[in-house]
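J.: Give the three-dimensional model of this entry:
(chains A, B and C)
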Amino acid sequence: MPMRSSEVIVIGGGVNGLACAARLAAKGRKVTLLEAGAAVGGGAGEREFAPGYRAPALAHLTQGLDARVVEGMALERHGLAFHPALATTVLSGAAEPLLVRGGKTSGPDTAAWEALHRKLSGFARVLAPFRQMRPVRLAGENRLFGLARQGLGIRGLGRGDFRELLRMVLINVHDVAEDELTDDRLKGLLAFDATLGAWLGPRSPNSLILYLDRLARGADPLLPKGGMGALATALGRAAEAAGVKVRTGAQVERVLVEGDRAVGVRLAGGEEMRAGLVVSAMNPRTTFQKLAGAAALDAGFFKAVGHIRARGAAAKLHLALRGAPEFRGADPRSRIVITPSSEAVESAFNPVKYGEVPGAPVMEAILPSAHEPGLAPEGHHVLSAIVQYAPHAPKAGLEAARAEMLENTLKVLEAQSPGLRGLIVHAELLMPQDIEARFGMVGGNWHHGELAVEQMLFNRPTFAAAQYATPLPGLWLAGAGSHPGGGIDGAAGWNAAQAILEAKA
Amino acid sequence: MTALTHFRTPLLQTPFHARTAAANVLNRWGPWGGYMTALCFGDADMEYTAIRNGASVYDLCPMVKYRITGRDAAGYLNRLTLRDAGRLSVGGVQYTGWTDDDGKLLDDGTLFRHGPEDYLICCQERHLPWFLASAEGFEVEVAEVTEEIAALSLQGPCSATVLQAAGFDVFALKPFRMARFPFAGGEITVSRTGFTGDLGYELWMEPGQALPLWDHLMQAGAPWGIRPIGTDALNLARIEAGFIIANMDFIPAHQALREDRARSPLELGLGWMIDWDKGPFTGRRALLAEKEKGSDWVLVGLDIPGNVSAEGSILYYDKRAEAGIVTAAAWSPALKANVAIAQVKARHATGENLWVEIYALRELQYAKLMVPVTVAERPFFNPARKRATPPGRV
Amino acid sequence: MTYDAVIVGAGHNGLVTACYLARAGMNVCVVEKNDWIGGAAVSRELFPGFTYSNCSYVSSLFRPEIMRDLELPKHGLQILPYEGGAVFQEGGGYLGMFRDHDANRREFARHSKRDAEAYDIYARDVLRFCRFIRPMLMRTPPDPSSFRPRDLAELMWLGKQMGALSERTRARMVQFWTMSIADFLDEYFESPVIKGYLAVSAIIGTALGPMSPGSAYVLLHHYMGDVDGNVGAWGFARGGMGAITKALTASLRAAGGEVRVGQGVEKILVRGGRAMGVVLANGDEVRGRRVISNMDVKRTFLKHVDEAELPGDFVKRVKAFKIRGSSGKLNIALDSAPVFPALPEGAPNLKGDLHFTDSIEKMERAYDDWKSGHFSRDPFQDVMIPTMIDPTMTPPGKHFMSSFVQYAPPKIEGRDWTDADRDAFRDTCLDQIEAYSPGFKDRVLHVEVRTPRELEAEVGLTEGNIFQGELTFDQLLFNRPVPGYAQYRSPIRDLWICGSSTHPGGGVMGAPGRNAAAEVLREAGIKGGMRDAYAVL
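T.: Numbering: from 1, shown residues only, chains lettered A, B, ... in the order given. Here you go, the predicted structure:
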């Protein structure tokens, strides 16, 4: 096999891999990016799931890309544009649909919601800079200035809010909803948004901080013009423009280790590529367990990698519809969140703990075709929904659980959109196991490792690999499994590139 | 498994118990790894003398044993341990150690290679969770087999002769090699290993063979004064030999409550066993870094004036600043010397201006002695007969 | 007359505070609504000839430094360690606990050889965290929002504590404090029954399930005590838990303090923003230079202080203080010793804690019932028969059994408990025991059933929460009970709080009472003569 040489190999062409590769290339590194799929984008791609119907591959919205990525990669120049941020319509049982846009809403809690939104946004603002830093270390070598600045930033909230932040930072979102709100629709929305993508219920302590993290990225979600596929395309183009050599259809089978150092990769098919640095934007567990392998890593570290929790609890629904569904008058361009109450979110979580399927799941649905008519045949529509919660290891087996999950999901949808089932041309439901198979997300967890307090910052993905460098010299991490996590924003990849550049300097 | 009645037998009995109990006229027992073990059978001095003069047997059954089998057995052990297990030939034995990621020693022990893909580890402490965690990613089976193998140590200058008299001709057996012999309708394994620093062998068998073998050896060895020895006598012999023991001379890293108690093999005088060139192994990066930067501690042998054992004493630099601790000490009958094993801060490795504070008990009163020490080479006792092949006939 | 301090509530913390103040020369009076002393640490004869520990039932957390400072052994206190323990499994098996390390390892090895050895590493790790956290029990939490020298010094002290650990252990400790006990145990163990047993300490007294993040910390809360230096061990107070408050009362009286029983506090008197004393239910006034409340924070400020005397933010926070009832209690007089056929004859396991929940999943499902407003259909019971060890509580051959039950909500589907609910709760629990001990119910002479309703009505624990407030981070350390008021003071001058609503929280520990006394004395400029916290190992 011919040997190719490159300064840096980046494995995985998702948002983080592309961001990392582009940043390194822009700084003059010779970067080759290897993507196993036919196109870059990872969870941000787009796919024809039924003849004539295209849906987002996995993610259907973004809470906002990292500003450094947007600017640094000049994504707008490469065609990235967003629709106006989506408002949210909450559908809660028979109650009147409620429109929410940032801190603005109506109904009995109008003022309470605005106050809560303002308070939490204030917390989110002071926490946001941590997303763009390497995880703080608990000893030595700290970027003391940066840390001191953040500390002062937090203290700068003022004494009252500072105390409130310390009280609330690990609180559960259900209690916050109970303390601050009366309207079940808003309580349900808060509970839903905080736990979206997590293996937690709203009563689980540490759930509010996930909401703060979401707010730190943006108040309302965004949809790229042209659909999620357009985001992937823009990222790919920008990376290539920065000088990244992108190779698709290149599945990495192994990281090559020589003399205690990662020196390249072997592709499926046997081709070997050598490089000074190997950067994995893949799942950390996959990276260490499958690509690097046990022999090259210390046993304690390898064990810790096995302990990275990655339970996905979200299913993805795609419906091809022969007409426009009607959600009780909701704006079809809004994000529709079906969540009767905070308790209902908790009840939907309960069975998942035991590998069972909830009877009444909660969900976030959008109609991509309402924004981008080209995604479906004329007059037809595509519905994309994230449905919670779904068991990552169903006791009943995947097939039976998927069928049950689909049925229960459609029941909930039908209740809010009578006649919807009659419009269905094709339905596809991806369980966490399907998501794992399709996107390499261990456990089907889209953060490539649960985003939970015990797996944040200096413990993400695991202590000894939390600074993007790994114990194996020459091997780095740059994916969502690293700080600050996933969800289509590129911060992890950008931070990783920064760490690599600083280490080389 | 059936419900056990642990409360009735808080300590297990070894397969040799019927004989050791009969021989233990003092009825002095202590716990060892969940088993009853004889501290002394009748007279510790004479038991020690048997180790250095004739032949002694010591019940090794409580040693913890793990069997490692499978295609990746050698690769697994290379990643787990400090030495190259792949280069150990079938029929060979290796004294080895293993560390955590930080390069801190978890334990030392002996590794026996029974086949190309069949090893046995014998050690003082329990490590199943660590051994199993280390097996992830390797095609190996790790099984704890402590109760399935009975072991008896036969040590002393007459041990080879006794074995020959018992029908096991081991004269061709080199140190750290083993051989199999038929016995009682089955087989036993004899390895030329031991913990006394003298000529000696260890015998490995199925538990059912334990009592017949004991009787057979005691009968065959009678002309050479064979006798069972307890832990007290063995401990004296091992100090003379300069061997270290987990939880006496070092705290296994997995048991260290205070993180600063853990020690690396470099700090325990086991640096020689690290095979830096065999490829990656757990702790290698940390140990390399330590080698570059220097260790914090060093294990030394000490020669101490006078004849009062320095057991449990504190070492001082210039009589004032604490510099280390004595982990084992004894008056050595074989050397006529007062020896000790100690952990000292690395900067005191030479022993210069190093003092030990000994509390000597004299008729209910402690007299405090502050005496200068000198660093002595380990093993303190290292007779040629230990290594000679064939060993001398007696 | 005007006392130096009036203490509201003769629970163990109120008595501890009173003892320290009295020994420092203050003139103190404890007022108690019940006719008996002890709050939730009581021994009561509720069936002729039988002494019941009818609230708290075992001891480990009670600080030995306090026992020694207050000379409680001299006043009759004796703590007896457990000798065993068992989890009974569905299908007839069991997991036994033994005091002897090797016997225990061999018992665990019956269920998993790996787990048996992993237990030592697990215990070492938890003990590391205990060593870190224990010294904090006997200190006033610093206010991190303050720049006062004392708070800064205390924060520095915390930093120094951290400094003794490696970076890896610090990171691990942060994980431990924030993760669920189920996840934590999964990193060490494989056997469901071993995990089920070890998870118990993470849920007792809290409205969390074993799968709730933060539950691992609760485990530590139950592990950081000791019996005579044996960290994590539990024991019985000889003569029932009332022996602790009895000894405290004797110690208090010996120091010249007073206790008045039978009249509860109606109102805390506040004049010009200062607490002046209390008005009792019968209208009597007891005047004091300061008032120290052993009641929980909700009861103190929402029921016995005029809202107008308090800042609005403070009231809001107190109203939102989480003090959820999650448990009930059965106190049972037995005609003879129950037999558990799963155990071998002569086993010491009955001399300790007995459980029937053999997996974390069952425990979590029990919690799910609580969340939906029901008592658990298959509850977790922490059953003890103290008379297996303590000969003083019943006639010979008879036994007292205590069963602590989780989960029981403060309200059933949003409405109050009825007697019928209580009876159904009782039957659910007794049936569960009967399933593992045939004939058990025939031995029962008397049962006292305590749901959160009874706990609140009698002991005064709001919602029946045994810890006077949940032990989640939003209510721990400087957040307990309310940010800015974690130093035993309240917004009202001379009104103090000393109960389990304050740092370091619940359990029969005495540390809140001791720390509150330390603050009172410091402010009064009196040297307290308190012992520093003992080291762990």
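
J.: got the contact list for residue 81?
T.: Just so you know, I chose chain A. Contact partners of residue A:81, counting by C-beta atoms under 8 Å, 6 or more residues apart in numbering or on different chains, are A:224-226. Yep, even glycine has a C-beta here, placed from its N, CA and C like the rest.

J.: that's the other chain; I wanted chain B
T.: So residue B:81 contacts B:96-98, B:111, B:281 (C-beta under 8 Å, 6+ apart).

J.: Out of the residues you listed, which is nearest to chain C?
T.: Nearest to chain C, judged by C-beta to the nearest C-beta, of those is residue B:98 at 14.9 Å.

J.: Looking at neighbours, which among the contacts of residue A:81 is most surrounded?
T.: residue A:224 (27 neighbours; other C-beta atoms under 10 Å in any protein chain shown).

J.: before we move on, the earlier item: any chance of the contacts of residue B:81 in JSON lines with neighbour count as columns?
T.: Listed next are those as JSON lines, based on neighbours: other C-beta atoms under 10 Å in any protein chain shown:
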{"residue": "B:96", "neighbour count": "25"}
{"residue": "B:97", "neighbour count": "22"}
{"residue": "B:98", "neighbour count": "29"}
{"residue": "B:111", "neighbour count": "24"}
{"residue": "B:281", "neighbour count": "26"}
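
J.: quick one on the thing from earlier: I'd like the contacts of residue A:81 as a markdown table, with secondary structure and pLDDT appended.
T.: Shown next, in a markdown table, are these (DSSP: H, G, I helix; E, B strand; the rest coil; pLDDT from 0 to 100):
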| residue | secondary structure | pLDDT |
| --- | --- | --- |
| A:224 | strand | 96 |
| A:225 | coil | 95 |
| A:226 | coil | 93 |
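
J.: now, which of the contacts of residue B:81 sits nearest chain A?
T.: Nearest to chain A, judged by C-beta to the nearest C-beta, of those is residue B:281 at 8.2 Å.

J.: so what's the nearest residue to the closest one once chain neighbours are set aside up against?
T.: Once flanking residues are discounted, residue B:281 sits nearest to residue B:79: 5.2 Å by C-beta to C-beta, 6 or more residues apart in numbering or on different chains. Residue B:79 makes contacts with A:294-295, A:299, B:134, B:138, B:280-282, as judged by C-beta under 8 Å, 6+ apart.

J.: Just say helix, strand or coil for residue A:239.
T.: Look at residue A:239: counting by DSSP: H, G, I helix; E, B strand; the rest coil, its state is helix.

J.: rewinding a little: and the residue nearest to residue B:281, that's in a helix?
T.: Yes - judged by three-state DSSP, residue B:79 forms part of a helix.

J.: what separates it from residue A:356, distance-wise?
T.: Here residue B:79 is placed at a distance of 39 Å from residue A:356 (C-beta to C-beta, to the nearest Å).

J.: ditto for residue B:141
T.: For residue B:141, the distance to residue A:356 - C-beta to C-beta - is 34 Å.

J.: go on, residue A:370?
T.: Residue A:370 sits 34 Å away from residue A:356, taking C-beta to C-beta as the criterion.

J.: Neighbour count: those two, which is higher?
T.: Higher neighbour count among residue A:370 and residue A:356: residue A:370, with 19 against 16, using other C-beta under 10 Å.

J.: got a list of what that one touches?
T.: A:324, A:332-333, A:381.

J.: again, but for residue C:105
T.: Going by C-beta under 8 Å, 6+ apart, residue C:105 touches B:34, C:116-117, C:119-120.

J.: Go ahead and list the helix or strand containing it.
T.: Using DSSP states H and E, residue C:105 sits in helix C:101-111.

J.: and that helix, how far out from the chain's middle?
T.: 29 Å (C-alpha atoms, centre = their mean, to the nearest Å).

J.: what does stretch B:351-371 give?
T.: On C-alpha atoms, centre = their mean, the centre of stretch B:351-371 falls 28 Å from that of its chain.

J.: I'd like to know how many residues surround residue 257.
T.: If you meant another chain, say so; for now it's chain A. Around residue A:257 there are 23 residues (other C-beta under 10 Å).

J.: was after chain B, sorry
T.: Neighbours around residue B:257, by other C-beta under 10 Å: 15.

J.: and residue C:253, that one's in a helix?
T.: Yes - under three-state DSSP, residue C:253 falls within a helix.

J.: ok so, going back, show me which of the contacts of residue A:81 is closest to residue B:20.
T.: The shortest approach to residue B:20 among the contacts of residue A:81 belongs to residue A:224, at 79.3 Å (C-beta to C-beta).

J.: what secondary structure does residue 174 sit in?
T.: Let's take chain A. helix.

J.: Surely it touches residue A:347?
T.: No - the criterion here is C-beta atoms under 8 Å, and residue A:174 misses it with residue A:347 at 11.7 Å.

J.: can you pull the pLDDT of the residue nearest to residue B:281?
T.: Per-residue pLDDT puts residue B:79 at 98.

J.: quick one: residue C:198 from chain B, how far?
T.: Applying C-beta to the nearest C-beta, to the nearest Å, the value for residue C:198 to chain B is 15 Å.

J.: scratch that, residue C:473
T.: Between residue C:473 and chain B the computed distance is 25 Å (C-beta to the nearest C-beta).

J.: nearest residue to that residue other than its sequence neighbours?
T.: Among residues not flanking residue C:473 along the chain, residue A:170 sits closest, at 4.0 Å (C-beta to C-beta, 6+ apart).

J.: just the residues of the stretch 351-500 of chain A that are near chain C, which are they?
T.: Contact residues (C-beta under 8 Å from any C-beta of the partner chain) of the stretch 351-500 of chain A with chain C: A:353-354, A:452-455, A:458-459, A:463-464, A:466.

J.: quick one: which of those residues is most hemmed in?
T.: Result: residue A:452 is most packed of those (other C-beta under 10 Å), 27 neighbours.

J.: shouldn't that one be in contact with residue A:206?
T.: Yes - here residue A:452 reaches residue A:206: they are 6.4 Å apart, a contact under C-beta under 8 Å.

J.: Please produce JSON lines containing the contacts of residue B:79, extended by secondary structure.
T.: Formatted as JSON lines, the contacts of residue B:79 follow (three-state DSSP):
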{"residue": "A:294", "secondary structure": "helix"}
{"residue": "A:295", "secondary structure": "helix"}
{"residue": "A:299", "secondary structure": "helix"}
{"residue": "B:134", "secondary structure": "helix"}
{"residue": "B:138", "secondary structure": "coil"}
{"residue": "B:280", "secondary structure": "coil"}
{"residue": "B:281", "secondary structure": "coil"}
{"residue": "B:282", "secondary structure": "coil"}
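
J.: Out of these, which comes closest to residue B:226?
T.: Taking C-beta to C-beta as the measure, residue B:226 sits nearest to residue B:134 out of these, at 39.9 Å.

J.: Could you report the pLDDT at residue C:530?
T.: The model reports residue C:530 with a pLDDT of 85.

J.: swap in the one 4 residues further on?
T.: The pLDDT attached to residue C:534 in the predicted structure is 83.

J.: quick one: secondary structure of it?
T.: Judged by three-state DSSP, the three-state class of residue C:534 is coil.

J.: Leaving out the residues flanking it, which one is nearest to it?
T.: residue C:65 (6.0 Å).

J.: Cool, thanks, signing off.
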